[in-house]
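Enquirer: With the input below, show me the fold.
(2 chains)
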Amino acid sequence: MAELLAVDGVTAGYGDGVVLDDVSLRLDEGDTLALLGRNGMGKTTLLVTLMGLTRLHRGRLSWRGADLAALPTHRRSRAGLGWVPQERHMFASLTVEEHLTAVARPGHWNVARVYGIFPRLAERRTNFGNQLSGGEQQMLAIGRALMVNPGLLLLDEPMEGLAPIIVQELMSVVRDLVADSGMAVIVVEQHAKLALSLTRQVIVLERGRVVHRGASEALLADPATLQRLVAVS
Amino acid sequence: MTSAPAPDAPRLPGARWSAPEIAFWLLAVAAFFAFPAYRVLGSQILITGLFAVTLDLILGYAGIVSLGHAAFFGAGAYAAGLLTVHGWGEPVSGLVAAGAAGAIVGYATSFLVVRGADLARLMVTLGIGLLLYEAANKAAFVTGGVDGLSGVSMWKLFGVFPFDLAGNTAYLYSLAVLFVLFALARRIVNSPFGLSLRGIRENGRRMPAIGSPVARRLIAIYTISAAMAGVAGGLLAQTTQFVGLDVLSFPRSADLMIVLVLGGTGRLYGGLVGAAVFMIAHHLLSDLNPVYWQFWLGLLLVVVVMFARGGILGGVDALRRRSRGASR
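Expert: Residues are numbered from 1 along each chain as shown, chains lettered A, B, ... in the order given. This is a model prediction of the structure:
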């Protein structure tokens, strides 16, 4: 498969502060990556850096062979980075359907297909962004990211704060997405086993550095190492 | 700008004209026949309504506060007026020139306006308005200065309908232009571009991550709004066959803000309803007492802002929701 994203020796942070320290990774078209680590280790910062919302101190970001760091944030979205932020970023002044149509770009994903995978959103199409439950907001955040027809979906703790039943519902959709869509996916998740079961490769960050990289399956089969790296309870 | 939705995507909400909307426009036509003595006032209400809709585009949708929108209205009025003074009195092309003048001034100043926060925007728009006012005042050899631009004389509309003193042509011409530009504005706010403006108003920092270039979108809507405000100014110049310095004045910008807040922001019809209420109230109250009419206007404004969030139309919405809740 062709290379989609390359992160080479990236040091980045907010203002003068450094959160990520010499991070490198490579992702092919359609590949899947779990990004693990304890709280505050730089997982979210890595996604935010891909979107161009931090200061890049050193290193290279390339996207399908072109320099990603040179693009402003909105061009990165259009180039195919679909970001699902942890805070979900809903708009109280837009309905569910308007959230989707406002960002639509041509491609496989359209409003009807998003409603196809999230029937609940179709039921709530005329509700405003602040009238949704946490699970519905998460579905809408994912649906909105799909509407830009991304080559890479960035999921930042998609299951955080959701009831177990909603997590199950959402997981089955995400699992199908990851398996069938041909999109590459990076998923940041506190539930390490969940993230590992979704992905092919894994990177573990500790204080902004990569401390482990390998196959997700292998790490899932090695509870001792997993315990040491992320201290799953 | 933005791509068309995929063929099997559902229609955008609000793409269809609703029954109350159609009734509203029929009412505007009916008013022509019902109040033949008030067609001049009627045409002024329509022009002010159009002007208020243009402010709503930037304030109600994109969240740009402005106290200098008269700059574009005035630019359009002078463009249309000067064209006839220099020998070209055809109305429709005159409006196109007025719109172009508004757009040029709008685009040129948009770069100053989009970067700031609310207070900075208020001051920058206020400052640009004052600058243009004094420039027009100083350039009396072109504009006529405080005496106004005289010698504006329009040709017949389509070579058939003269601009008469009773305001017959003025009313219908203004209504037609208002309807066309309103339909355009309505289309814009319901488009993905318009939706992204609402997102920008709510939280501009989130928008780039979902593919919207914030500054460029604000410049686009500011320029569109200025062009339409220019047309409104051109309409006033053509239908009154006079351009006074007051087209650029601060009170015109401030009154416009009152009109829009009174009617309700962010719903397009608010500007039209606000213009009707404001100007009819002005007409009636200044008949009672020509000096103190602003007292009643002030009272009305305070009452509406305190008790009807979202202006008159917001209040109507709230009442409708309440009565629907009660009947259940």
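
Enquirer: Give me the longest strand you can find in chain A.
Expert: strand A:3-13 (DSSP state E).

Enquirer: So which bits of the helix or strand following it are buried?
Expert: Next helix or strand after strand A:3-13 toward the C-terminus (DSSP states H and E): strand A:20-28. Residues of strand A:20-28 classed as buried: A:L20, A:D21, A:V23, A:L25, A:L27 (neighbour count, 16 or more other CB atoms under 10 Å in any protein chain shown). From N, CA and C alone the C-beta is placed, and that goes for glycine too.

Enquirer: which helices and strands does strand A:20-28 pack with?
Expert: Packing partners of strand A:20-28 (3 or more CB pairs under 8 Å, 6 or more residues apart in numbering or on different chains; DSSP states H and E): strand A:3-13, helix A:43-50, strand A:55-63, strand A:184-188, strand A:209-215.

Enquirer: what about 7 Å?
Expert: strand A:3-13, helix A:43-50, strand A:209-215 (3 or more CB pairs under 7 Å, 6 or more residues apart in numbering or on different chains; DSSP states H and E).

Enquirer: for the closest residue to chain A within the stretch 51-200 of chain B, phi and psi?
Expert: When scored by CB to the nearest CB, the stretch 51-200 of chain B has B:L195 as its residue closest to chain A, at 3.6 Å. Main-chain torsions, B:L195, degrees, to the nearest 10: phi -60, psi -40.

Enquirer: Pretty sure it sits against A:A102.
Expert: Yes: using CB atoms under 7 Å, B:L195 is in contact with A:A102, at 3.6 Å.

Enquirer: shared neighbours of the two, which are they?
Expert: Any residue near both B:L195 and A:A102 by CB atoms under 7 Å, 6 or more residues apart in numbering or on different chains counts here, and that gives A:L94.

Enquirer: Tell me who's in contact with the residue of the stretch 51-200 of chain B closest to chain A.
Expert: By CB under 7 Å, 6+ apart, the contact list for B:L195 reads A:L94, A:E98, A:T101, A:A102.

Enquirer: and if we set it to 10 Å?
Expert: If a contact means CB atoms under 10 Å, 6 or more residues apart in numbering or on different chains, then B:L195 has A:91, A:93-95, A:97-104, B:2, B:12-13, B:61, B:189, B:212 as its contacts.

Enquirer: Distance check, it against A:Q131.
Expert: Remark: distance between B:L195 and A:Q131 (CB to CB, to the nearest Å) = 17 Å.

Enquirer: about what we covered before: so does the longest strand of chain A get close to chain B?
Expert: No: for strand A:3-13, no contact with chain B is found by CB under 10 Å from any CB of the partner chain; the gap never falls below 16.2 Å.

Enquirer: The helix or strand containing B:A120 vs chain A: in contact?
Expert: Assigned by DSSP H and E, B:A120 belongs to helix B:118-138. No: judged by CB under 10 Å from any CB, helix B:118-138 stays clear of chain A, getting no closer than 16.9 Å.

Enquirer: Mind listing what's buried along that helix?
Expert: Buried residues in helix B:118-138, counted by 16+ other CB under 10 Å: B:R121, B:L122, B:V124, B:T125, B:L126, B:I128, B:G129, B:L130, B:L132, B:Y133, B:A136.

Enquirer: quick one, what contacts the residue lying closest to B:T109 once chain neighbours are set aside?
Expert: Excluding the flanking residues, the one nearest B:T109 by CB to CB, 6 or more residues apart in numbering or on different chains is B:I128, at 5.2 Å. With contact taken as CB under 10 Å, 6+ apart, B:I128 is in contact with B:S66, B:L67, B:G68, B:H69, B:A70, B:A71, B:F72, B:V105, B:A108, B:T109, B:L112, B:V113.

Enquirer: how near is the last one to B:A136?
Expert: It refers to B:V113. Distance, B:V113 to B:A136, by CB to CB: 20 Å.

Enquirer: Near B:R322, how many other residues are there?
Expert: 10 (other CB atoms under 10 Å in any protein chain shown).

Enquirer: And residue 77, what's its pLDDT?
Expert: Just going to use chain A. A:S77 is assigned a pLDDT of 93 by the prediction.

Enquirer: should've been chain B
Expert: According to the prediction, B:A77 has pLDDT 95.

Enquirer: could you measure it against B:A140, distance?
Expert: According to CB to CB, B:A77 stands 16 Å off from B:A140.

Enquirer: Between those two, which is the more surrounded one?
Expert: Between B:A77 and B:A140, B:A77 has the larger neighbour count (other CB under 10 Å), namely 34 against 13.

Enquirer: I figured that one hits B:Q241, correct?
Expert: No: B:A77 lies out of contact with B:Q241 (CB atoms under 10 Å); the separation is 11.5 Å.

Enquirer: For the stretch 101-250 of chain B, just list every one of the helices.
Expert: Here the stretch 101-250 of chain B has its helices, by DSSP state H, counting those that start in this stretch, at B:118-138, B:140-143, B:168-190, B:192-203, B:214-240, B:250-263.

Enquirer: burial count for A:R105?
Expert: 19.

Enquirer: Got the phi and psi for it?
Expert: The phi and psi values for A:R105, taken as degrees, to the nearest 10, are phi -130, psi 150.

Enquirer: just to revisit the earlier point, is it possible to mark the buried ones in the contacts of B:L195?
Expert: Among the contacts of B:L195, those classed as buried by 16+ other CB under 10 Å are A:91, A:93-95, A:97-104, B:2, B:12, B:61, B:189, B:212.

Enquirer: can you tell me which of the residues you listed are in helices?
Expert: Among those, the ones falling in helices (DSSP state H) are A:E97, A:E98, A:H99, A:L100, A:T101, A:A102, A:V103, B:V189.

Enquirer: Just the closest of those to B:F278, please.
Expert: Distance ranking of these against B:F278, using CB to CB, places B:V189 first at 22.3 Å.

Enquirer: And the closest residue to the closest one other than its chain neighbours, how far from A:E123?
Expert: Leaving aside its sequence neighbours, B:V189 sits nearest to B:Y61 (CB to CB, 6+ apart; 5.6 Å). Separation of B:Y61 from A:E123 (CB to CB): 27 Å.

Enquirer: Who are the contact partners of A:L154?
Expert: Contacts of A:L154 by CB under 10 Å, 6+ apart are A:35, A:44, A:46-48, A:50-51, A:81-85, A:145, A:184-188, B:209.

Enquirer: before we move on, back to that, reformat the ones in helices among the buried ones among the contacts of B:L195 as TSV; add distance to B:W155 and pLDDT.
Expert: Below are those laid out as TSV (distance: CB to CB, whole Å; pLDDT from 0 to 100):
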residue	distance to B:W155	pLDDT
A:E97	48	93
A:E98	45	92
A:H99	50	93
A:L100	49	93
A:T101	44	92
A:A102	44	90
A:V103	48	90
B:V189	34	93
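
Enquirer: tell me which element the closest residue to B:T48 other than its chain neighbours falls in.
Expert: Of all residues not flanking B:T48 in the chain, B:A275 sits nearest, at 4.1 Å (CB to CB, 6+ apart). In this assignment (DSSP H and E), B:A275 forms part of helix B:269-288.
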